[in-house]
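Engineer: Please find the sequence and the predicted model below.
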Amino acid sequence: MTKAVTSYGDRGFSQFLRRAFNRHLGYSEEDFDKPIIGICNTFSEVNRCHSHLGPLIEAIKRGVVMAGGVPLEFPTISLGEINTSPTTMLYRNLAAMDTEEMIRAQPIDGVVLLGGCDKVTPAQLMGAASADIPAIMFTGGPMANGEYEGRTLGACSDCRYFWQEYRGGSVSEAELVKINEALAPTAGHCMVMGSASTMAVCSEALGLMLPGAAAIPATHNKRMAAAQETGKCIVEAVKLKLTPSKILTRNSFENAIRLLMAVGGSSNAVIHLIAIAGRLGIELPLGLFDELSRTTPFLANLRPAGKYQMEDLYRAGGAPAVLKELSPLLHLGEMTITGETLGEWLKDVTISETYRDIVRPYDNPLHPEGGIAVLHGNLAPRGAVIKTKAASKSLLKHRGKAVVFTSVEDLETRINDPLLEVSPEDILVLQNAGPIGAPGMPEVGMLPIPEKLLKQGVRDMVRISDARMSGTAFGTVVLHVTPEAAVGGVIALVRTGDEIELDVEQRRLQLLVPVEELARRQNEWSPPVIQGRGYTRLYREHVLQADEGCDFDFLLPEETDK
Ligand code: FES
């Protein structure tokens, strides 16, 4: 317990006091000289994705002790997608600050970050990157597959799918109740390649999680074994002084982006990876994501863009199987938390032919390009993203008239109004749902299809917003339009009836309104008054735009490597 001591103006007294007060756990004098490993515990019953962390913490502790360390768990904020209002993204930076400050303030030599649900993993990585003591990520793991009438169910792609079918009239209320019971059958996070799974596999590609750990189902005995190994690994990482800044390099972020594109991962990962890199002064421009997407084959056949789920990926070899196939494109010399390079831990990975429909060979991909495209145009001068492989092919080049909703509340009020003038060719536009506008950039980007169109059989339309969408969602949905409406982005100037052109192949998003008319509208526009108090006020005053990772401006380092 030699790390910076409590300020009593007497270092010796502080150490004396610290030892005295920590003996109650049974530790002896020699134990205080061993590596002290903090276990960042995000257990919560409100965050159902973290409600099973207790036994995993015990397994991590066992591993720490086996390797000669002393484990001390401590709590930090826990963010669950389903029960947090208005959106967990509003609190990601708060969780990152909590993580960073607790790592820095406490007498620990290394830390295990125990995450899982969508925003917790990136928040912990952001905090650990800034605190920069040896850190390893471990997640609670994905749920096992759900099942209903012989069909595999996945939370929460099927939550959305069946709700839409219910609204469209093809699923009855009685069926919906049965489906609801089967959607989330075990502990763990969402089991499709949503944001939680995406950030977990990206943690492996970044080198901050044990190889193969991301895909192990939450309740599988192998997850307990991986937890124990994680405990051992962090003690060794402390001895090797493997800090995040030695592992999280520009090259390791490129590896993570390649993997994101190859698994058809969540669009939210674009924001999170930018934010994590930003903590180390590494800039990841949106153009880099597009460039790497165009040159990365789509290999993992996973929902919502494909057919299988995390349990299936686990059987096929997990993230290492995909990374092995991607090897020709990766920076294999990057260091990982195991003390080996990425190339060294991929050396012995083999992929069984049995699972070749889940992880495709490099030269026989599902698609030649990756899963996310970055768009530009007068409607998104600083960029927007679309998950191309979860969209309708027929809508990727589309021109239509805008039907505009000025806020999330306006959307909720009018979308199912039978009098709403809307046709399947129209483009639904949502304004003021960005980082500042909403605030917190909620996952409302997959705007509901108006009920009257659903009943006519319409299941997809082009939708555009400055919001995000869940990684488990699907459809022809243009997200993260930047600058957002609340700071005067052109999306604020769209009016119902305006023509919009989307051309994903050309990476273009254009509002077809004359420049003079846009200038006139811009003159009439005035920024929203920021009201409120406390954390939400701090958030709205300091959050950066989506292309900058939505971190707080005051959390970036002073030097940024462009
Ligand atoms: Fe936690 Fe989906 S609700 S990962």
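Structural biologist: Arrived safely. Being a predicted model, the structure only gives us computed values, none of them experimental.
Engineer: Downstream of the worst-scoring helix or strand of the chain on mean pLDDT, the next helix or strand is which one?
Structural biologist: Counting by mean pLDDT, DSSP states H and E, the chain has its least confident helix or strand at helix 11-22, which shows a mean of 89. Sequence order places strand 36-41 as the next helix or strand after helix 11-22, per DSSP states H and E.
Engineer: For that following strand, output the C-alpha coordinates as CSV.
Structural biologist: This file holds the C-alpha atoms of strand 36-41, laid out as CSV (Å, rounded to 0.1, in the frame of the first residue of the first chain):
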residue,chain,number,x,y,z
ILE,A,36,-3.0,-4.7,-4.3
ILE,A,37,-5.6,-5.4,-7.0
GLY,A,38,-8.8,-3.3,-7.0
ILE,A,39,-11.8,-5.0,-8.4
CYS,A,40,-14.2,-2.4,-9.8
ASN,A,41,-17.5,-3.9,-8.9
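Engineer: quick one: strands adjacent to it?
Structural biologist: Neighbouring strands of strand 36-41 in its sheet, by DSSP bridges, are strand 70-75 (parallel), strand 110-115 (parallel).
Engineer: now the angle from the first one to helix 11-22?
Structural biologist: Which is strand 70-75. Here the directions of strand 70-75 and helix 11-22 differ by 80 degrees (axes from the mean of the first three to the mean of the last three CA atoms, to 10 degrees).
Engineer: Just the buried positions in strand 70-75, please.
Structural biologist: Neighbour counts using 16 or more other CB atoms under 10 Å place Val70, Pro71, Leu72, Glu73 of strand 70-75 among the buried residues. The way it works is simple: take the backbone N, C-alpha and C, and place the C-beta from them, glycine included.
Engineer: Name the residues that touch that strand?
Structural biologist: Identification of contacts with strand 70-75 by CB atoms under 8 Å, 6 or more residues apart in numbering yields 25, 27, 31-32, 34-43, 57, 60-61, 64-65, 102, 106, 108, 231.
Engineer: Separate out the buried members of these.
Structural biologist: 27, 31-32, 34-43, 57, 60-61, 64-65, 102, 108, 231.
Engineer: Just send the strands paired with strand 36-41 back as CSV, with mean pLDDT and distance to the ligand too.
Structural biologist: Output for the strands paired with strand 36-41, formatted as CSV (pLDDT from 0 to 100; distance: least, CB to the nearest ligand atom, whole Å):
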stretch, mean pLDDT, distance to the ligand
strand 70-75, 97, 18
strand 110-115, 98, 10
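Engineer: for these, which one sits closest to Ala227?
Structural biologist: Ala227 lies closest to strand 110-115 among the strands paired with strand 36-41, at 8.7 Å (CB to CB).
Engineer: Excluding residues flanking it in the chain, which one is nearest Pro328?
Structural biologist: Nearest-residue entry for Pro328: Tyr362, 6.6 Å, with adjacent residues in sequence omitted and distances by CB to CB, 6 or more residues apart in numbering.
Engineer: Please list all residues in contact with that neighbour.
Structural biologist: Pro297, Leu299, Glu325, Leu326, Ser327, Pro328.
Engineer: host element of it?
Structural biologist: Here Tyr362 is assigned to no helix or strand, by DSSP H and E.
Engineer: What distance do you get for it to Leu323?
Structural biologist: 11 Å (CB to CB, to the nearest Å).
Engineer: Kindly report the same for Phe13.
Structural biologist: For Phe13 relative to Leu323 (CB to CB), the value is 50 Å.
Engineer: The residue nearest to Thr249 when sequence neighbours are not counted: neighbour count?
Structural biologist: Spatial nearest neighbour of Thr249, excluding adjacent residues (CB to CB, 6+ apart): Glu334 at 6.2 Å. Close neighbours of Glu334, defined as other CB atoms under 10 Å, add up to 22.
Engineer: which residue packs closest to Ala492, ignoring adjacent ones?
Structural biologist: Ala485 (3.7 Å).
Engineer: just the strands in the stretch 151-300 of the chain please.
Structural biologist: Here the stretch 151-300 of the chain has its strands, by DSSP state E, counting those that start in this stretch, at 151-153.
Engineer: Spell out which parts of it neighbour the ligand.
Structural biologist: Residues of the stretch 151-300 of the chain found near the ligand (CB under 6 Å from any ligand atom) are Cys156, His189, Cys190, Gly194, Ala196.
Engineer: mind checking the backbone torsions on the nearest residue to the first one once chain neighbours are set aside?
Structural biologist: Nearest-residue entry for Cys156: Thr472, 4.4 Å, with adjacent residues in sequence omitted and distances by CB to CB, 6+ apart. With angles defined as degrees, to the nearest 10, Thr472 sits at phi -90, psi 0.
Engineer: thinking Thr472 is in contact with Tyr161, fair?
Structural biologist: No - Thr472 lies out of contact with Tyr161 (CB atoms under 8 Å); the separation is 9.8 Å.
Engineer: neighbours of Pro527, just the number please.
Structural biologist: The burial count for Pro527: 12, using other CB under 10 Å.
Engineer: doesn't it fall inside a strand?
Structural biologist: No - Pro527 is assigned coil when assessed by DSSP: H, G, I helix; E, B strand; the rest coil, not a strand.
Engineer: The closest residue in space to it that isn't next to it in sequence: how many residues sit nearby?
Structural biologist: In this structure, Pro527 finds its nearest non-sequential neighbour in Gly488, 6.4 Å apart by CB to CB, 6+ apart. Using other CB under 10 Å, Gly488 is surrounded by 14 other residues.
Engineer: which residues does Gly488 contact?
Structural biologist: By CB under 8 Å, 6+ apart, Gly488 lies in contact with Gln522, Trp525, Pro527.
Engineer: With Leu302 instead?
Structural biologist: Leu302 touches Val192, Met193, Ser197, Val263, Gly264, Tyr308, Gln309, Met310, Asp312, Leu313, Ile358, counting by CB under 8 Å, 6+ apart.
Engineer: Please report the distance of the residue lying closest to the second one once chain neighbours are set aside from Glu29.
Structural biologist: Counting by CB to CB, 6+ apart, Met193 lies nearest to Leu302, which is 4.1 Å off, once chain neighbours are set aside. As judged by CB to CB, Leu302 and Glu29 stand 51 Å apart.
Engineer: Same question for Val444.
Structural biologist: Distance of Val444 to Glu29, given as CB to CB: 56 Å.
Engineer: Which of the two has more residues huddled nearby?
Structural biologist: Val444 (23 against 8).
Engineer: and the buried residues of strand 70-75 as CSV, adding distance to Gly150?
Structural biologist: Output for the buried residues of strand 70-75, formatted as CSV (distance: CB to CB, whole Å):
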residue, distance to Gly150
Val70, 50
Pro71, 44
Leu72, 48
Glu73, 42
